[in-house]
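Asks: sequence first, predicted model second:
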Amino acid sequence: MSSPSVTNKQGREVDASLLDRFAAIVGNKYLITDPAEQEPYLIEPRGLYHGQTPAVLRPGTVTEVAAILKLANETRTPVVPQGGNTGLVAGQIPHAGDLVLSLNRLDRIREVDATSNTMTCDAGVILAKAQEAAAAAERLFPLSLAAEGSCTIGGNLATNAGGTAVLAYGNARDLVLGLEVVLADGRVWNGLSKLKKDNTGYDLKNLFIGAEGTLGVITAAVLKLYPRPRAVETAFVGLASPADALALFSLAGERAGGTVTSFELMSRTSVAFALRHGPGCRDPLGAPHPWYVLIELSSQAAGLRGALEDLLTAAVEQGRVADATIAASLDQRKAFWHVRDMLSDVQRFEGGSIKHDVSVPVAAVPDFIAQASAAVETLIPGCRPAAFGHLGDGNVHFNVSQPIGADTAPYLARWDDMGAAVNRIVTQLHGSISAEHGIGQLKRDLLPEVKDTVALELMRAVKRTLDPNGILNPGKVL
Ligand code: FAD
Ligand code: ZN
């Protein structure tokens with residue numbers, strides 16, 4: 001291990017002897033100072049931020065996490081918690097001088113309790129592994145997102161992740177019964193309760209869920225499990241407009257309510273990018289359509305196929321659906337989802353993409369898409385909205401690719417201008433500027449513009465109480 005001296009953002013040096021004290025906690029092998037080894041912890045999925053750190057710490061136990069935070073607090077050393085590093089608002093990326101605290105060695109599934117329908121996981125467990133552990137016990141852990149092969153339970157809870165099953169099961173927050181959290185001063189709060197009912201005071205776990213690592217470090221969680229659906233039916237639907245998709249959503253609620261587990265809206269532009277660049281992506285429908293919906297029904301009982309066919313037939317008769325295909329096999333269902341899951345990743349092959357993760361009331365989604373598309377096209381003629389999202393949650397990923405042939409850097413330099421135009425519409429429609437990705441660094445300066453003043457005061461008061469020295473993920477969220 002080499003021990004460089006690095007200046008942190010308060011201008012204070014993190015010197016070699018302090019790093020040696022952290023190394024004494026985790027062991028030299030797990031304190032990374034080599035720049036090449038640090039690199040994967042310093043870049044983020046979109047390449048917009050590049051962090052710097054004196055060291056990445058990789059503790060292997062909760063006791064080590066506690067000792068790290070105690071020392072960090074005593075020495076006023078900033079610490080950035082990190083899980084799978086898939087976050088999309090750069091909350092996990094350090095400012096120069098911040099230590100990175102990677103939780104990825106805490107990767108044990110502590111218990112699956114199929115009778116209580118709970119699973120207790122370390123924070124560093126990869127989401128896909130948690131899903132597999134639940135399935136092995138004939139249960140479902142329903143959180144599902146395209147990054148599930150690398151994001152972690154700790155990161156999912158710290159960002160209150162959403163994804164494609166929120167419609168039926170809620171956000172990450174709704175899937176938690178208990179938490180274990182290391183506080184800024186190194187104390188460990190053991191809140192690993194399995195109880196559905198426990199009205200003994202404030203609901204502390206919900207302070208840490210969605211706090212993006214600014215209030216405490218989540219080290220484990222008790223998660224809710226559900227029965228594994230016996231029947232799943234998936235359709236890929238072509239339609240003319242978001243208004244038709246919304247009509248189909250209402251009809252689905254009336255005809256198949258309670259079994260609709262996903263309702264994903266996709267623009268032709270976003271799907272065309274996936275078909276062009278996504279390995280193994282094929283168009284499920286014979287001809288292109290301006291918009292698509294991926295709808296999935298699931299339940300314990302059989303008979304869903306008929307319900308889905310009836311629903312689509314009724315929607316065709318009403319003139320809301322132009323074409324649709326129902327997956328005939330598991331492979332076909334996976335192929336539909338593969339197209340959906342690639343939508344975000346493939347946008348980089350089309351040059352710069354300015355992203356907005358917003359939500360509006362479900363009924364306002366068509367309005368939002370129409371107004372936002374017009375606004376960005378006025379601002380940057382030729383830009384290409386490639387919107388998609390979780391229509392059933394009112395959540396649109398309003399991502400806008402650069403005009404064909406444009407230079408990427410000057411296009412991306414317009415991010416704030418375009419964001420202001422889009423967010424103005426979001427605000428007019430009583431929506432949120434961050435539906436599921438969080439605030440992090442990317443949207444930090446926007447928060448005071450959109451958040452209620454009293455809410456901001458309360459957030460700052462909570463932060464001061466739980467992290468009086470400001471060592472936990474400084475410069476993020478607030
Ligand atoms: P990281 O990126 O490592 O960290 C995210 C934040 O959580 C940071 O602020 C970090 O400091 C904090 N943090 C991490 N671990 C802890 C911990 N143990 N204790 C306290 N704080 C911690 N998100 C969605 O909500 N829905 C989607 O559909 C979705 N799709 C995605 C698709 C792709 C292709 C990609 C790349 C990302 C997607 N995301 C989505 C964003 C991202 O995957 C989620 O935010 C995820 O929950 C982050 O988990 P992570 O382990 O990677 O956390
Ligand atoms: Zn999403």
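Replies: Looks like it arrived, so ask away. Ligands and ions are numbered 1, 2, ... in the order given.
Asks: list the contacts of the residue of the stretch 151-300 of the chain found nearest ligand 1.
Replies: Taking C-beta to the nearest ligand atom, ligand 1 has its nearest neighbour within the stretch 151-300 of the chain at residue 155, 2.1 Å off. Every residue, glycine included, has its C-beta placed from N, CA and C. Applying C-beta atoms under 8 Å, 6 or more residues apart in numbering to residue 155 gives the contacts 82, 83, 84, 86, 87, 92, 161.
Asks: and ligand 1, which of those contact it?
Replies: 82, 83, 84, 86, 87, 92, 161 (C-beta under 6 Å from any ligand atom).
Asks: okay, and which of those map to strands?
Replies: Members of the ones next to ligand 1 among the contacts of residue 155 lying in strands (criterion: DSSP state E): residue 82.
Asks: adding pLDDT, write the contacts of residue 155 out as JSON lines.
Replies: Formatted as JSON lines, the contacts of residue 155 follow (pLDDT from 0 to 100):
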{"residue": "82", "pLDDT": "98"}
{"residue": "83", "pLDDT": "98"}
{"residue": "84", "pLDDT": "98"}
{"residue": "86", "pLDDT": "97"}
{"residue": "87", "pLDDT": "97"}
{"residue": "92", "pLDDT": "98"}
{"residue": "161", "pLDDT": "98"}
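Asks: could you single out the nearest of those residues to residue 303?
Replies: Nearest to residue 303, judged by C-beta to C-beta, of the contacts of residue 155 is residue 161 at 31.9 Å.
Asks: quick one: the closest residue to the closest one other than its chain neighbours and residue 207, what's the gap?
Replies: Nearest residue to residue 161 in three dimensions, chain neighbours excluded: residue 172, at 4.6 Å (C-beta to C-beta, 6 or more residues apart in numbering). Residue 172 is 14 Å from residue 207, where distance means C-beta to C-beta, to the nearest Å.
Asks: neighbour-wise, which of those two wins?
Replies: Legend: neighbour count by other C-beta atoms under 10 Å for residue 172 and residue 207, higher for residue 172 (26 against 16).
Asks: okay, now the unreliable bits of the protein?
Replies: Applying pLDDT under 70 to the chain flags residues 1-13.
Asks: which residues touch the closest residue in space to residue 350 that isn't next to it in sequence?
Replies: The shortest distance from residue 350 to any non-neighbouring residue, by C-beta to C-beta, 6+ apart, is to residue 401 (4.5 Å). Going by C-beta under 8 Å, 6+ apart, residue 401 touches 269, 273, 347, 350, 351, 352, 353, 383, 384, 385, 386.
Asks: again, only this time at 6 Å
Replies: 350, 353, 384, 386 (C-beta atoms under 6 Å, 6 or more residues apart in numbering).
Asks: and the third one, how many residues sit next to it?
Replies: Meaning residue 384. 23.
Asks: the first one too?
Replies: The tally of other residues near residue 350 (other C-beta under 10 Å) stands at 18.
Asks: please apply the same query to the second one.
Replies: By other C-beta under 10 Å, the residues close to residue 353 number 23.
Asks: show me what contacts the nearest residue in space to it that is not next to it in sequence?
Replies: Nearest in space to residue 353, with sequence neighbours left out and distances taken as C-beta to C-beta, 6+ apart, is residue 347 at 4.3 Å. Applying C-beta under 6 Å, 6+ apart to residue 347 gives the contacts 273, 353, 399.
Asks: residue 203: which of those is nearest?
Replies: Nearest to residue 203 out of the contacts of residue 347 is residue 399 (C-beta to C-beta; 34.3 Å).
Asks: got the residues of the stretch 101-250 of the chain near ligand 1?
Replies: 103, 123, 145-147, 151-152, 154-156, 158-159, 161-163, 212-213, 217-218.
Asks: just those residues: which are in helices?
Replies: Using DSSP state H, the members of those that fall in helices are 154, 155, 156, 158.
Asks: still on that earlier bit, now the contacts of residue 401 in CSV, with secondary structure and distance to ligand 1?
Replies: Shown next, in CSV, are these (DSSP: H, G, I helix; E, B strand; the rest coil; distance: C-beta to the nearest ligand atom, whole Å):
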residue, secondary structure, distance to ligand 1
350, helix, 16
353, strand, 13
384, strand, 19
386, coil, 14
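Asks: widest-spaced pair of the residues you listed?
Replies: The span of those, defined through C-beta to C-beta, is set by 353 and 384 at 9.1 Å.
Asks: can you measure across stretch 430-450, start residue to end residue?
Replies: Terminal residues of stretch 430-450 are spaced 10 Å apart (C-alpha to C-alpha, to the nearest Å).
Asks: what's it in contact with?
Replies: Residues from elsewhere that reach stretch 430-450 (C-beta under 6 Å, 6+ apart): 88-91, 159, 162, 212, 357-360, 395, 423, 426, 476-477.
Asks: that one: which residues count as buried?
Replies: 431-444, 446-447 (16 or more other C-beta atoms under 10 Å).
Asks: repeat that for stretch 161-172.
Replies: 161, 162, 163, 164, 165, 166, 167, 168, 169, 170, 171, 172.
Asks: quick one: that stretch to chain centroid distance?
Replies: The chain centre lies 10 Å from the centre of stretch 161-172; the measure is C-alpha atoms, centre = their mean, to the nearest Å.
Asks: can you check stretch 189-197 too?
Replies: The answer for stretch 189-197 is 24 Å, by C-alpha atoms, centre = their mean.
Asks: now do stretch 442-462
Replies: 20 Å.
Asks: one step back: look up phi and psi at the residue nearest to residue 161.
Replies: Per-residue torsions, residue 172: phi -50, psi -40 (degrees, to the nearest 10).
Asks: residues in contact with it?
Replies: Applying C-beta under 6 Å, 6+ apart, one finds that residue 172 lies in contact with 143, 156, 157, 160, 161.
Asks: ok, these vs residue 222, which is closest?
Replies: If you rank those by distance to residue 222 using C-beta to C-beta, residue 157 comes first, at 11.0 Å.
Asks: can you pull the contacts of that closest one?
Replies: For residue 157, the contacting residues are 172, 209, 218, 221, by C-beta under 6 Å, 6+ apart.
Asks: keep only those of the residues you listed that are in strands.
Replies: Applying DSSP E to these, the entries found in strands are 218, 221.
Asks: pull the most distant pair out of the contacts of residue 157.
Replies: 172 and 218 (10.9 Å).
Asks: now the residue of the stretch 301-450 of the chain found nearest ligand 1: which helix or strand?
Replies: Closest to ligand 1 within the stretch 301-450 of the chain is residue 436: 3.6 Å, counting by C-beta to the nearest ligand atom. Following DSSP states H and E, one finds residue 436 outside all helices and strands.
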